[in-house]
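Novice: heads up, no residue letters with this:
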């Protein structure tokens, strides 16, 4: 037997940016616990609005399936005394199984020892007794950084809880969670349908809320309604709405009954930078900005109200009244900031703290400039580009003290570009000031030039070096300085723009510049730590697409063992190795390298040093391998030096026959010590030739 199950938690307005995550986590946690409890069920649908989280589970079993129980008890000789009377141990085991001692059987182990044995079934528990605990556990596991208390209750949740619905079929499941007793009554829109709504069944939940409560409970359905309304209204105004997935999600999380309304502002504000207008409308007001067919911003916006007002003109006027002073403030900041050139704020950066132990933004700017100059020079930039990179680095933080960035922190870098252009700085310098924060996140654009690349890499490397040097590297989910994002950004810039940079040399410079008295003594360890941190981000990137590219964690480790100084070199080695291992020769030689590594591991280091003595090569197979190695060494080393790793491995694949014959016909650990040492040296040289590309012994095989 099964019935639909509904749980709904009614709250004060939930955090809009977290609503999606809370909805998914609640549904996933509930399903996981239902499966742990062996409660069979059908499809699961989750719901989320500003004032509720809910999950509907179709055809949830009324009780757990019957469980088969098999238990071994104490030895028979312990369960009965010498006269055959039951002992306390035997009686206790029978009682724990819920039967009399006579109902137990016996079984023997491999040694013939007899034990008491119980075999039976246990009736599954009723779902109604399990569901309160399941729901409570799912709520306790929600990703809520800070929980709050309300009233005189000890209960804690992200927001105060006002009602709880727990229904299995038409019946209420009695429970008290988060200080609220369960019921079968929900609540609709706070203003348009404030009366309680009695639910007749879980299946009718969404329909009852929409028809009687003026609430669209399903998040995605509400989002599509909202989006359709905004698009339709924008078309009416002969424009196109500007949005992002994040903005759509957030606005959807703010309303239960979306109603799009257009508003207008003074056209003079269109003279402000595009990003300022969009930031004012979207980030501060959660409005949708509009642009025309040419991509130019329009003096219109669309807001989404949470009420179907009989007087939409009043709602429109209220939103226009709210946005007007914000735009006026932005216009004032724009005019005030341009009264002083960007470079005039350099001195002021000396009093702006970057981090207490790492000094001011002024000091950091000088470090970034030195690194940017070095990066541009090593990336083979022209003398003009090197000069532009140095200048852009010196100015890249100068917009931080401006009034506009003070009001709109998300525009740092963007405003620096506008102010630099207004000051007559070269376009390359201005663009690099904007670009040095890129990429700001996954999928974001990269810097648009080598000048921007240099400043962006310098900024990220200085942050990594400084924060690691003061011992505040990321741990767990804690990453207050966004160093993971910095490392990923560094990787994207270098790999996607194909910049040939010695990463270890760059990190050595970045660490050496940090204003800490003991940094010199710790430099080598710090560089190694930061290198590993960056490489672990690289590992994640490769393994995410491993199913497509065919790259495995063992291949990655094989290349990492050579500790490449260049990320492009790392990439070239890895891709060559991936192709090599897909061939029969590659798989065979990988297995041989693993065998060689195991042999050499058991031998003293001194035993494999030096050169091979041709006179001590007795067997034809070892003579053939030595001859092949001598012929291949020079051309393979040349190819490795030229980073032609694929070609080098193709040449080394020719050794397969000689290596197989060696292991088939030659006894490496010969009783004669001189022969044994000679053969170990031969194997060490073979392994060393492969190790110039990757440590093949780390591959499976």
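Specialist: Cool, the structure landed. As the structure is a prediction and not an experimental result, all values here were calculated from the model.
Novice: avg pLDDT for whichever helix or strand residue 633 is part of?
Specialist: Assigned by DSSP states H and E, residue 633 belongs to helix 620-641. In this model, helix 620-641 carries a mean pLDDT of 90.
Novice: List the buried residues in that helix.
Specialist: 621-622, 624-626, 628-629, 632, 636, 639-640 (16 or more other Cβ atoms under 10 Å). C-beta here means a position set from N, CA and C on the backbone, and glycine is covered the same way.
Novice: out of the residues you listed, which one sits closest to residue 545?
Specialist: Checking the buried residues of helix 620-641 against residue 545 by Cβ to Cβ gives residue 640 as the nearest, at 26.3 Å.
Novice: Phi first, then psi, for the residue of the chain positioned farthest from its centre.
Specialist: Distance to the chain centre peaks in the chain at residue 83, reaching 68.4 Å (criterion: Cα atoms, centre = their mean). When quoted as degrees, to the nearest 10, the phi and psi of residue 83 stand at phi -100, psi 10.
Novice: tell me the phi and psi of residue 677?
Specialist: phi -60, psi -40.
Novice: One more: residue 408?
Specialist: Here is the backbone geometry of residue 408 (degrees, to the nearest 10): phi -120, psi 80.
Novice: thought it was touching residue 279?
Specialist: Yes. Counting by Cβ atoms under 8 Å, residue 408 does reach residue 279; the two are 5.1 Å apart.
Novice: how about stretch 438-457: buried residues?
Specialist: Burial within stretch 438-457, assessed by neighbour count using 16+ other Cβ under 10 Å, is assigned to 438-439, 447, 449-457.
Novice: end-to-end on that stretch?
Specialist: The first and last residues of stretch 438-457 sit 9 Å apart, counting by Cα to Cα, to the nearest Å.
Novice: List the contacts of residue 389.
Specialist: Contacts of residue 389 were listed using Cβ atoms under 8 Å, 6 or more residues apart in numbering, and they are 372-373, 375-376, 381, 432, 450-451, 454-455.
Novice: hang on, the earlier thing: tell me which other helices or strands the helix or strand that the helix holding residue 633 is followed by touches.
Specialist: Downstream of helix 620-641, the first helix or strand assigned by DSSP H and E is helix 645-653. When contacts are defined as 3 or more Cβ pairs under 8 Å, 6 or more residues apart in numbering; DSSP states H and E, helix 645-653 sits against helix 567-581, helix 584-601, helix 620-641.
Novice: now for the second one, which elements pack on it?
Specialist: Helix 584-601 makes packing contacts with helix 567-581, helix 645-653, helix 656-665, helix 673-691 when contacts are defined by 3+ Cβ pairs under 8 Å, 6+ apart.
Novice: got the angle for that helix vs helix 656-665?
Specialist: Orientation check (axes from the mean of the first three to the mean of the last three Cα atoms, to 10 degrees): helix 584-601 against helix 656-665 gives 40 degrees.
Novice: which other residues reach helix 584-601?
Specialist: Against helix 584-601 from outside (Cβ under 8 Å, 6+ apart): 580-581, 608, 649, 652-656, 659-660, 663, 668-669, 680, 683-684, 686-687, 690, 695-697, 699-701.
Novice: Can I have the buried ones of the residues you listed as a PyMOL selection?
Specialist: Applying 16+ other Cβ under 10 Å to the contacts of helix 584-601 leaves a buried subset, and the PyMOL line that selects it is:
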select buried, resi 580+581+608+649+652+653+655+656+659+660+663+668+680+683+684+686+687+690+695+696+697+699+701
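Novice: I am finished for the moment; much appreciated.
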